[in-house]
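Asks: sequence plus predicted model, see below.
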Amino acid sequence: MTTVHVALWVVVMLVALALAFDFMNGFHDAANSIATVVSTGVLKPGQAVVFAAFFNLVAIFIFQMTVAATVGKGIADPGVVDVHVVFGALIGAISWNFITWYYGIPSSSSHALIGGIVGAVLAKAGAGSLVSSGIMRTVIFIFVSPLLGFVLGNLMMVLVAIGFRRSTPSRVDRWFRSLQLVSAGAYSLGHGGNDAQKTIGIIWMLLIATGYAASTDKSPPTWTIVCCYTAIAAGTMFGGWRIVKTMGQRITKLKPVGGFCAETGGAITLFAATIMGIPVSTTHTITGAIVGVGSAQRASGVRWGVAGMIIWAWIFTIPATAFVAAVAYWLSLGLF
């Protein structure tokens, strides 16, 4: 077998692995899009996953490839990326996603992938090959996205309480059962727009490293965009029910009005981050928004112990995936 054929075989294998990560991203993060709408009873689980998957896919027509460009070119020096780095990054991210899904812990697929890239690049070439500006923006938004989600969710809840203070609870419930479909659709749109692009970015990184795309290209190949949006939508269709329970029931008790406020606050955050090209965690964002909604009603309405467990998972995501990615990088040197 010639070198070109070996390279092509490896590239195909890694693209398939990336799409598997993308599918798992949708599967793992389906809870972010549907937990509130399911827990409030507005949609049945089966209806909710189809609804969310549809808007994941529609996002392909809405957003520019800003996040894909950040992941593909803004985290690591493209010159140091090779098939082993990409393999390590994907194995690190997939491993963390599986562990956190199994234990029902909402964690960030986005930061798992970023951590994987960082770990694999460190194992190969050291810190000098990382793009500090891109990493710092991502790290800063680990804190900014849940905080912004919290503030917006809290503010939305306060504004709704003022605006509907003369309405009966049954009327408010009826109104927001309908409005929550709008907010859930918007959040699923933001989820697809930000998260699918992360996988597009790593495939683009791979294609540039192996010579199947030029580093001067301003956008990734069309087939990568279509495949990644389709994969994340398919993953969302299968749902991650362990995490749905944590997000929709264990953090705080939600009603349709609270679900609307949380999803709207989260959607605004995701739209803004995607426009700016910042890969953010949909998990962090919606968790912050849900906590903001719960605390707007009363501080005791939030189960802070559960929220604390989630925060610890956030803290460990990047170092844990970086470690696994570094090990996977070294192992891959003997595989292909």
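Replies: All right, it came through fine. Keep in mind that this is a model prediction, so the values were computed, not measured. Numbers count the residues shown, from 1 in each chain.

Asks: Val50: neighbour count?
Replies: For Val50, the number of neighbouring residues by other Cβ atoms under 10 Å comes to 14. (Each C-beta comes from the backbone N, C-alpha and C, glycine too.)

Asks: check which element follows the strand or helix carrying Leu113 along the chain.
Replies: Element membership of Leu113, judged by DSSP states H and E, is helix 109-125. Later in the chain than helix 109-125, the nearest helix or strand by DSSP H and E is helix 132-163.

Asks: what's that following helix packed up against?
Replies: For helix 132-163, the elements it packs on are helix 66-73, helix 109-125, helix 256-275, helix 282-297, judged by 3 or more Cβ pairs under 8 Å, 6 or more residues apart in numbering; DSSP states H and E.

Asks: need those in TSV with distance to Leu17, can you?
Replies: As requested, the helices and strands packed on helix 132-163 are exported to TSV (distance: least, Cβ to Cβ, whole Å):
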stretch	distance to Leu17
helix 66-73	16
helix 109-125	12
helix 256-275	24
helix 282-297	22
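
Asks: for those helices, which one sits closest to Val158?
Replies: Val158 sits nearest to helix 282-297 of all these, at 5.8 Å, using Cβ to Cβ.

Asks: what is the subsequent helix or strand relative to the closest one?
Replies: Assigned by DSSP H and E, the successor of helix 282-297 is helix 304-332.

Asks: now do Val172 against Ser39, distance only.
Replies: The spacing between Val172 and Ser39, counted by Cβ to Cβ, to the nearest Å, is 17 Å.

Asks: so which of these two has more stuff around it?
Replies: Remark: of Val172 and Ser39, Ser39 carries more neighbours, 24 against 18, as counted by other Cβ under 10 Å.

Asks: thought the more buried one was touching Gly259?
Replies: Yes: applying Cβ atoms under 8 Å as the test, Ser39 and Gly259 come out as touching, 7.3 Å apart.

Asks: hang on, the earlier thing: tell me the angle of the helix holding Leu113 relative to helix 304-332?
Replies: With axes from the mean of the first three to the mean of the last three Cα atoms, to 10 degrees defining the directions, helix 109-125 sits at 30 degrees from helix 304-332.

Asks: export helix 109-125 as CSV, just CAs?
Replies: Included here for helix 109-125 are C-alpha records, laid out as CSV according to Å, rounded to 0.1, in the frame of the first residue of the first chain:
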residue,chain,number,x,y,z
SER,A,109,-18.4,18.4,25.0
SER,A,110,-16.9,21.7,23.7
HIS,A,111,-14.3,22.0,26.4
ALA,A,112,-13.7,18.2,26.3
LEU,A,113,-12.7,18.7,22.6
ILE,A,114,-10.6,21.8,23.4
GLY,A,115,-8.9,20.0,26.2
GLY,A,116,-8.2,17.1,23.9
ILE,A,117,-6.5,19.3,21.3
VAL,A,118,-4.5,21.0,24.1
GLY,A,119,-3.3,17.7,25.6
ALA,A,120,-2.4,16.1,22.3
VAL,A,121,-0.5,19.2,21.1
LEU,A,122,1.4,19.5,24.4
ALA,A,123,2.4,15.8,24.1
LYS,A,124,3.8,16.4,20.6
ALA,A,125,5.3,19.9,20.7
